[in-house]
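Trainee: Only the shape, not the letters, is given here:
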């Protein structure tokens, strides 16, 4: 039995917007740890997904992931600046910006969500952007769930262990999607998996899960050699049949040479994705995008219009720096191949 | 016998400005491949260093490294802009900028240098920033030297193999010092070692040497698991007694948490170093610095004055993202420890 109580030391990364229970269940059935991205659901939606997942995995461990960010205060000026920056795109697509609702794209972990978890008692509950407040964290621990969270620096890993994390995910800069940093916004502090992982292993006593740039069995062996207890893989799972990755996103993932960048445009927080029109024209790290997670709302109608025309101009094309695992359509086969099984 | 004809699959990275033959000789004696950074010498200086190195290694293989850049055309406007940007620092240090000579900091590989190599016939000649012109490259090959060069992308690795490189160094983004890119200046194309290395191994048939973020035996095992034939380590050697790393640079390297960034300020090309005053105040990637390698000249007197006062304000503090190997003062012990020997 591998850490974390599964047959294989393979964790499928939770990917909000690109998967639901079906991908997680397939990974669990193959002997890995499947993950459900909880941040995209309200309590009712989460309950429905967990019911389906629990029914399919029949007692096997699984992970549910949540965001632990502080929602920002409403900032009308920042919202107005973002809409002004996007005005040419609204005009191009014939959208009246006054009709576009503002709002948060993702909700942080909450008491209402903790209540749903109490019905299911997942083996692992993982967090991104730190940890929830102590009272809420205690509720998760009282369920018997192992609590994990992402560290992008050694300092964050040490902080997480001290605040109760029972495993730390070393998120190297190669990783796709949102950076999990929470102690500092200085991206210069963050480093590649090859540098971060062994330093984190040396600094904490809890198990370390390696993430970032790992797409095949060689990467898994390398991460284990660096001291990881298990490996979390995202990008390679995005192309599986069981994922809900959109067609435009899948097409972008199939080009192994398309560059990725860290961009805050789609949500307000730096996340790694393939360069598209919005990034090229507005600038990946433009301060015109308002704070996480409020940047998403204004883009939603632009994304919908463009996608209807077959254009990924406003679509977040999350991807890590190694897309070489994107050839395997079966999540079960991918899971076993990663483990060399 | 390991690739490249040494007892151990360990290559000491050539580090212009921080070492001469003494470090290379110590690594060779320990069973690794020591490297001499040739770009810092004229023909006479290179001959003297190679005489000393050859005498010490007594037939063991060693590597001599050169830059293969195209020197830029003189650009008085760019030079003036740089001096204007640095004017407050010249004033602060009481330097008359009119007395500061311009000029190239580093010379590319040339016929005069090839002539010196003919006297020594090094086992390996490695290049950074591509390869020299075909005629010059043919002269190196006629010596019987293995030709290596750095790739920061899969496309560069494929190009190098097609143009005659007999090994490719996969330079992950974690690596310290100059990025070796030569096909594109787009840094978004470059990725961490964990992502770059296996994709490069799959794309070329020549041996691949892994560089970037590797500081101990775990990193070496990981790189070999990813398909590397050998591993090139730089930062950890910077703190060895045999290196000529300055005291201020050594002090900076001893802080494991000080952030590194890619900066073009010191030479005109992006290179990874620890953040210091110049980077903080001018901006790491400021376009005010003129083309490689001409940015160095104007900084030289500022660096000298500041260093005399114990300040690293204008000193390039080259470093990779993993400084955890900086505790071993003996290059021989470091070499054997890296190999797990």
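Mentor: It's in. The structure displayed is predicted, hence computed values, not measured ones.
Trainee: When you work out contacts or count neighbours from here on, use the C-alpha atoms and nothing else.
Mentor: Fine.
Trainee: Helix, strand, or coil at residue A:262?
Mentor: When classified by DSSP: H, G, I helix; E, B strand; the rest coil, residue A:262 comes out as strand.
Trainee: What helix or strand is the spatially closest residue to it that is not a sequence neighbour located in?
Mentor: Of all residues not flanking residue A:262 in the chain, residue A:272 sits nearest, at 4.3 Å (CA to CA, 6 or more residues apart in numbering or on different chains). Under the criterion of DSSP states H and E, residue A:272 resides in strand A:271-274.
Trainee: Tell me which residues are up against that strand.
Mentor: Among residues not part of strand A:271-274, those counted as contacts by CA atoms under 8 Å, 6 or more residues apart in numbering or on different chains are A:175-179, A:252, A:258-264, A:316-320.
Trainee: how does it look with 7 Å?
Mentor: Strand A:271-274 has contacts (CA atoms under 7 Å, 6 or more residues apart in numbering or on different chains) with A:175-179, A:258-264, A:316-320.
Trainee: now stretch A:95-112
Mentor: Under CA under 7 Å, 6+ apart, the answer for stretch A:95-112 is A:39-40, A:43, A:66-69, A:90, A:132, A:136, A:293-294, A:296-298.
Trainee: show me the residues around the residue of the stretch 201-341 of chain A found nearest chain B that make contact.
Mentor: Per CA to the nearest CA, residue A:222 is where the stretch 201-341 of chain A lies closest to chain B, at 3.9 Å. Neighbouring residues of residue A:222 by CA under 7 Å, 6+ apart: B:222-223, B:225-226.
Trainee: from these, which is closest to chain A?
Mentor: When the contacts of residue A:222 are compared for distance to chain A (CA to the nearest CA), residue B:222 wins out at 3.9 Å.
Trainee: Assign the closest one to helix, strand or coil.
Mentor: Here residue B:222 is recorded as helix under three-state DSSP.
Trainee: can you pull the pLDDT of it?
Mentor: For residue B:222, the model assigns a pLDDT of 98.
Trainee: same check, this time on residue A:97
Mentor: For residue A:97, the predicted pLDDT is 89.
Trainee: what about it, distance to residue A:279?
Mentor: Counting by CA to CA, to the nearest Å, the gap from residue A:97 to residue A:279 is 20 Å.
Trainee: Write out the residues of the stretch 101-250 of chain A neighbouring chain B.
Mentor: The stretch 101-250 of chain A comes close to chain B at residues A:174, A:188-189, A:191-195, A:213-214, A:218-219, A:221-223, A:225-226, as judged by CA under 7 Å from any CA of the partner chain.
Trainee: same thing but 6 Å
Mentor: Contact residues (CA under 6 Å from any CA of the partner chain) of the stretch 101-250 of chain A with chain B: A:174, A:188-189, A:192, A:194-195, A:213, A:218, A:222, A:225-226.
Trainee: What are the boundaries of the helices in the stretch 201-341 of chain A?
Mentor: Along the stretch 201-341 of chain A, counting by DSSP state H, counting those that start in this stretch, helices occupy A:217-225, A:235-238, A:247-253, A:277-282, A:295-308, A:331-338.
Trainee: An error on my part: the question was meant for the stretch 1-150 of chain A.
Mentor: Secondary structure of the stretch 1-150 of chain A (DSSP H, counting those that start in this stretch): helices at A:21-29, A:43-57, A:76-92, A:111-120, A:134-142.
Trainee: out of those, nearest to residue B:76?
Mentor: With CA to CA as the criterion, residue B:76 lies closest to helix A:76-92 of the helices of the stretch 1-150 of chain A, at 37.5 Å.
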